[in-house]
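Participant: Take this sequence and fold it.
(one chain, ligands or ions: 1)
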Amino acid sequence: MAEYNRVSECVGLITLRNPPVNALSAAVRQGIVDTVQRALSDPNVKSVVICGQNGIFCGGADIKEFGSNMTGPPLIPMIHAIESANKPVVAAIEGSALGGGLELALGCHYRIAHSKARLGLPEVSLGLLPAAGGSQRLPRLIGVPAALNLITTGRHVTAAEALQLGIVDQVTDHNTVDAAVKFALSVAGRSLDPRRISTHPCPQQPDLDALFEEVMQKVRQSARGAIAPIACVQAVRAAATLPYAQGMERERELMATLFTSGQARALQYCFFAERAVGRWRMPSGARWDTSKPRPVHKAAVIGLGTMGRGITVALAQTGLSVIAVETQEKQLMEAKQAISGMLERGAKRRGVAPALDGVIYSQNIQAVADVDLVIEAVFEDIALKTKVFQQLSAVCKPGTLLCTNTSALDVDQLASETPNPELVVGMHFFAPAHVMKLLEVVYGPRSSPQAVATAMQLGKKMGKASVAVGNCRGFVGNRMLKPYIEEAFFLLEEGATPELVDQALEEFGFPMGVFRMSDLSGLDVGWRVRKGDGLVEPGTASGRSARIRQGRRYSPLGDLLCEEGRFGQKTGRGWYQYDKPGSRVARSDPWLHSFLGAYRAQHGLVARRIDHQEVLERCLYALINEGFHILDDGIAAGPEDIDVIYVSGYGWPRHRGGPMFYANMVGLAKVLERLEHYQQLHPEVPHLQPSSLLRRLVASGSPPIHKWGEAIKKLHSQL
Ligand SMILES: CCCCCCCCCCCCC[C@H](O)CC(=O)SCCNC(=O)CCNC(=O)[C@H](O)C(C)(C)COP(=O)(O)OP(=O)(O)OC[C@H]1O[C@@H](n2cnc3c(N)ncnc32)[C@H](O)[C@@H]1OP(=O)(O)O
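Facilitator: Residues are numbered from 1 along each chain as shown. Below you'll find the model as predicted:
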C-alpha cells in the first residue's frame, strides 16, 4: 500500500501506508514499484518525495513475512529502480527509518530527516544483515569504520548524528514532507550521477586489514556464539574490497545463510515475544486491554539497601517524584550519596540533567502518606515485611498501590496481612535494579487487575521488560533456576569441575557459567535460603544417605564452602579463587579440586568423565522441565513469558530464543527422551521427572511453540 499524489504541481508524493510502522510488506513493495513507475512516467513530475504515514517513515522489511513464503516484488530491484531513476527522489524521514526502511532511503538520491527521527540498520538484532543493499551502500556513504559500528551493533542514531555522519542531507524541526518537497523542487534537473551511492567507491581507509581484524575479534568476543554480527563484518568487508555488484552477491550469500539459520528464527521470536508479554492475562480472565492502570505521579521506596537504591534511581529517571525512606540515619546518608552518584552518571551517559531534585529522602515512613505507589525493598524477612506493609496500610492515602520487591517470599501472605489485598502486587527487580531490564510483576489471587496494570505500565515506563506472573516459590525465574543449579552441584559430585560446567554453559552462550555467577552473587544467598528450608545439616555425615534430604537427592557442596567462609568474589574465594576480596577475575583453585576429591571419597562417589553435552542436557533440560511445570500450573500465561524472563534477566543467549523456544528447536520429543534417560539414572531427583505438560505436547505431535496454546487450553499465549 503506497498512495500517490502530485503536490506543488510537479512533485510526485509517495506515502507508505501500512500501520503501525509502514513495514515493507508485499503490498507496500508493490505499491512503491507502481507509484515510482507512475511518477517517473508522468512528464509533469520533475521530482519525487517518499514519506510514510502517521509520522513514521518505515520500520523495515515486514518481519512477519520472514516466516512464510515471500511473495511480491523483491526489495533489491525496487531500490535499484529508485536509485537509477532520472528524476531526483527524496526520502522524507519522520519517526524511524530502520532496516529496509533506511535501505530504501539510501536508494533515494537525497534524505531529509526530522530532528526527532531515528535511523539505523538493526537487522543484526534479528539475526540478519542489511541485505537490501544496506551493507554495501552505507560504507560507501559514511566510510567503513562508522558503517561497521552501525551495522554490527544495530544501534539507532539520532537525526543529528545521522547528519554528522553524512547519512542525511538536511535535518528539519518543521514539517518534514514540506521540507522535502521544497528540497525536491530545488534539486529538480540536477545531475543525479553523484547521488547514486552504489556507484561510489568506498572511502579510502588506511590499514583496512588491521581494522577488520580488530573489529572481527571484538565482535567474536561479544557475540557469544551469535553468527549475524560476524556476517555483518564480512558483508562490510565485501563493500570495502569488491566492486558493488560482487559485494551485492556476497551480501546475498551471507544473508541466505543467516536467513535459514535457527538463530534468526530465535531472534525474531524474541522480538515478537517481548511485545507479546505486554498483552498480559491473569487466570481470572483479567487482561491488559480491559484493565486501566492508575496514574502514578509520586512513588516511594522503603529500604535503601542495594535493591532500594537501584529502584529509586530507576523511578527517578522516569521523571517521577520519589520519596526514599530508610530508618537508619547512617544508611540514609550513604544511600543518598550513592543514589545521587548513580543519577549523575546515568544523566551524563544520556546527555540530560540528573533528576536529583526528584528524590526526597526521609527517615520517617509517614513521609509516604500522599504517594500513589510504594515499593517495599527491606530485608527479605517475612515478619519485617509484614510490619512494613501494616504501617504502610495505616499511613498511605486510600488506593495507594503497595508493591513488594521480594525475590522469594509469599506475596499472597503479605497481601493477606493488609486490609486491602487487592492493592498488593510483587515487583521483582533484578540487581542492579536501574540497569537490569527484567521486572517480574507478581499477582496473587486477590490482586486487582488495576494493580497489575499499574505495575506493568510503570515497568514499561522504566524501560523494563515487564512480565506478569503468578505467585509461587521463586516466581518464574528463580523457580527454574533451582533445578539448574542443583544439577550443576550434582555434576560436581559425579566428577565435573566448576571450570568444565562453566565452560559448557559459556560456550552455549551464557555470559557466565553457573559457578562464576554464584561467586558473583554470593554463595551465602542460597545458603540462607537452604537453611530457612531446613536443608542444611552439619557436614560430618557421609555416604549416600547423607545426601538425601527431605526425601530427595541433595548436594551439600555449597553449604560446605560457606562453612569455610568461601562466599565468592566478596571474600576472594568461592568456586574459584580471586586475587583479593572483591576482585572479578576468577582463577582455578587447586584447593577446590582437592576438596572435591576428598568430598567424593568421603561419600563413596567415583568420579567419571562428564562431557559438555551432559552438562547442557542436565542443567538446561532440568530448567526447561520446570518451565513446563510453570506453564501447567498457570504461573506463566505462555512460553514467551518464560523466554523473555530468561533472556532479559538470566543471561540466556538471545540467539537461542529463551529456554522454551530452545526446547521447541531441539525437539520436544528429544527433550522428553533425555529427561527420561537421566531420570532413570537418578530416580531420587524429582526435577528430572518429565512434566506432564511436556508429555502431553509430545503426545499431541510436538506442535510448534506458537501452537502450544491450541494443544493446551490453559495457556493464554499471545504469540
Ligand atoms: C533460501 C533463503 C534465501 C534468503 C534470502 C531472503 C531474502 C529476503 C530479503 C530481505 C531483504 C532484507 C531487508 C532488510 O535488510 C531486513 C529488514 O528490514 S529486517 C527489519 C528491520 N527493522 C527493525 O528491526 C525494526 C523493528 N521495529 C522496531 O524497532 C520498532 O517497532 C519501531 C519501528 C522502532 C517502533 O517502535 P514502537 O513504536 O515502540 O512500536 P513497537 O515496537 O511496539 O511495534 C509496533 C507494532 O509493529 C510491529 N512491528 C514493528 N516493526 C515491524 C516490522 N519491521 N515488521 C513487522 N512488524 C513490525 C511490532 O511487532 C508491533 O506489533 P505487535 O507485535 O505489538 O503486534
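Participant: Kindly tell me how buried Ile227 is, as a neighbour count.
Facilitator: 17 (other Cβ atoms under 10 Å). C-betas here are computed from N, CA, C, even on glycine.
Participant: Distance check, it against the ligand.
Facilitator: Ile227 is 14 Å from the ligand, where distance means Cβ to the nearest ligand atom, to the nearest Å.
Participant: same thing with Glu506?
Facilitator: 28 Å.
Participant: what's the answer for Gly534, then?
Facilitator: 46 Å.
Participant: again, but for Ala85
Facilitator: 20 Å.
Participant: Check which helix or strand the nearest residue to Thr257 once chain neighbours are set aside maps to.
Facilitator: Leaving aside its sequence neighbours, Thr257 sits nearest to Ala231 (Cβ to Cβ, 6 or more residues apart in numbering; 6.9 Å). Following DSSP states H and E, one finds Ala231 within helix 228-241.
Participant: Please determine how far Glu9 is located from Ala179.
Facilitator: Going from Glu9 to Ala179 by Cβ to Cβ, to the nearest Å gives 18 Å.
Participant: Three-state assignment for Gln221, please.
Facilitator: State at Gln221, reduced to three classes by DSSP: H, G, I helix; E, B strand; the rest coil: helix.
Participant: let's have the chain start at 100 instead
Facilitator: Fine by me, first position is 100 from now on; the one you just mentioned is Gln320.
Participant: What helix or strand is the most centrally placed residue in the chain located in?
Facilitator: By Cα atoms, centre = their mean, the chain has its centre lying nearest to Ser747, at 4.0 Å. Secondary structure from DSSP H and E places Ser747 in helix 738-748.
Participant: Number of residues surrounding the residue of the chain found nearest the ligand?
Facilitator: Nearest residue of the chain to the ligand (Cβ to the nearest ligand atom) works out as Gly198 at 2.4 Å. When counting by other Cβ under 10 Å, one arrives at 28 neighbours for Gly198.
Participant: contacting residues around it?
Facilitator: Shown in contact with Gly198 (Cβ atoms under 8 Å, 6 or more residues apart in numbering): Gly158, Gly159, Ala160, Gly219, Leu220, Pro221, Glu222, Leu225, Pro229, Gly233.
Participant: how close does the fourth one sit to Gly625?
Facilitator: With distances defined as Cβ to Cβ, the gap from Gly219 to Gly625 amounts to 41 Å.
Participant: Please list the residues of this protein that sit near the ligand.
Facilitator: 119-120, 122, 158-163, 174, 195, 197-199, 202, 221-222, 225, 227, 229-231, 233, 354-355, 358-359, 371, 374 (Cβ under 6 Å from any ligand atom).
Participant: In helices only, show me these.
Facilitator: Leu174, Gly199, Glu202, Gly233, Met354, Ala355, Phe358, Phe371, Arg374 (DSSP state H).
Participant: Now do the helix holding Ser747: distance to the chain's middle.
Facilitator: 8 Å (Cα atoms, centre = their mean, to the nearest Å).
Participant: what comes into contact with that helix?
Facilitator: Contacts for helix 738-748 (Cβ under 8 Å, 6+ apart): 368-369, 371-373, 375-376, 529, 535-537, 539, 564, 566-568, 575-576, 579, 726, 729-730, 735, 751-753, 756-760, 763, 804, 807, 814, 816-818.
Participant: can you rerun that using 6 Å?
Facilitator: With contact meaning Cβ atoms under 6 Å, 6 or more residues apart in numbering, helix 738-748 is reached by 369, 372-373, 375-376, 529, 536-537, 564, 566, 575-576, 726, 735, 751, 753, 757-760, 804, 818.
Participant: Just the buried residues from those, in PyMOL please.
Facilitator: Restricted to buried positions by 16 or more other Cβ atoms under 10 Å, the PyMOL selection for the contacts of helix 738-748 reads:
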select buried, resi 369+372+373+375+376+529+537+564+566+575+576+726+735+751+753+757+758+759+760+804+818
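Participant: Export the ones in helices among the residues of the chain next to the ligand to TSV and append columns for neighbour count and pLDDT.
Facilitator: Below are these laid out as TSV (neighbours: other Cβ atoms under 10 Å; pLDDT from 0 to 100):
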residue	neighbour count	pLDDT
Leu174	21	97
Gly199	28	98
Glu202	28	98
Gly233	29	98
Met354	21	98
Ala355	11	97
Phe358	15	95
Phe371	16	97
Arg374	13	97
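Participant: Name the pair among these with the greatest separation in space.
Facilitator: Ala355 and Arg374 (27.3 Å; Cβ to Cβ).
Participant: Comparing Gly219 and Gly625, which shows the higher neighbour count?
Facilitator: Gly219 (23 against 18).
Participant: Can you get me a residue count around the closest residue to the more buried one other than its chain neighbours?
Facilitator: The spatial neighbour of Gly219 that comes closest, neighbours along the chain excluded (Cβ to Cβ, 6+ apart), is His255 at 3.8 Å. Neighbouring residues of His255 were enumerated by other Cβ under 10 Å; the total is 18.
Participant: isn't His255 right up against Ala216?
Facilitator: No. Between His255 and Ala216 there is no contact under Cβ atoms under 6 Å: 9.6 Å.
Participant: circling back to that earlier point, buried ones in the helix holding Ala330, by neighbour count?
Facilitator: Result for helix 327-340 [16+ other Cβ under 10 Å]: buried residues 327-339.
Participant: Could I get the average pLDDT for it?
Facilitator: Averaging pLDDT along helix 327-340 gives 98.
Participant: and if you look at stretch 179-190?
Facilitator: 98.
Participant: And the contacts of that stretch?
Facilitator: 135, 139, 146-149, 204, 206-210, 279, 282-283, 286, 295.
Participant: distance between the ends of that stretch?
Facilitator: Stretch 179-190 stretches 15 Å from its first residue to its last (Cα to Cα, to the nearest Å).
Participant: what does stretch 632-650 give?
Facilitator: So stretch 632-650: terminal residues 13 Å apart, Cα to Cα.
Participant: From the rest of the structure, what touches that stretch?
Facilitator: By Cβ under 6 Å, 6+ apart, the residues outside stretch 632-650 that reach it are Arg629, Tyr653, Asp658, Leu659, Gln701, His702, Gly703.
Participant: quick one: which of these sit in helices?
Facilitator: Arg629, Asp658, Leu659, Gln701.
Participant: Quick one: residues contacting the last one.
Facilitator: It stands for Gln701. Ser641.
Participant: what pLDDT does it get?
Facilitator: Value for Gln701, per-residue pLDDT: 92.
Participant: Return the distance of it relative to Arg646.
Facilitator: If you go by Cβ to Cβ, the gap between Gln701 and Arg646 works out to 11 Å.
Participant: Likewise for the third one?
Facilitator: For Leu659, the distance to Arg646 (Cβ to Cβ) stands at 12 Å.
Participant: what about the two, which has more around it?
Facilitator: Neighbour totals were compared for Leu659 and Arg646, and Arg646 leads with 19 against 14 (other Cβ under 10 Å).
Participant: follow-up on the earlier one: including distance to Val458, could the contacts of Gly198 go into a markdown table?
Facilitator: Formatted as a markdown table, these follow (distance: Cβ to Cβ, whole Å):
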| residue | distance to Val458 |
| --- | --- |
| Gly158 | 36 |
| Gly159 | 39 |
| Ala160 | 43 |
| Gly219 | 33 |
| Leu220 | 38 |
| Pro221 | 34 |
| Glu222 | 40 |
| Leu225 | 38 |
| Pro229 | 42 |
| Gly233 | 43 |
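Participant: Next one: Ser195, what pLDDT does it get?
Facilitator: 98.
Participant: cool, the one 5 residues further on as well?
Facilitator: According to the per-residue confidence, Gly200 scores 98 in pLDDT.
Participant: Arg627 too?
Facilitator: 89.
Participant: quick one, phi/psi of it?
Facilitator: When read as degrees, to the nearest 10, the backbone of Arg627 gives phi -60, psi -40.
Participant: now the nearest residue to Leu227 once chain neighbours are set aside: how far from Lys560?
Facilitator: In space, and not counting its chain neighbours, Leu227 is closest to Leu357: 5.3 Å by Cβ to Cβ, 6+ apart. Distance, Leu357 to Lys560, by Cβ to Cβ: 34 Å.
Participant: now do Ser620
Facilitator: Relative to Lys560, Ser620 is positioned 27 Å away (Cβ to Cβ).
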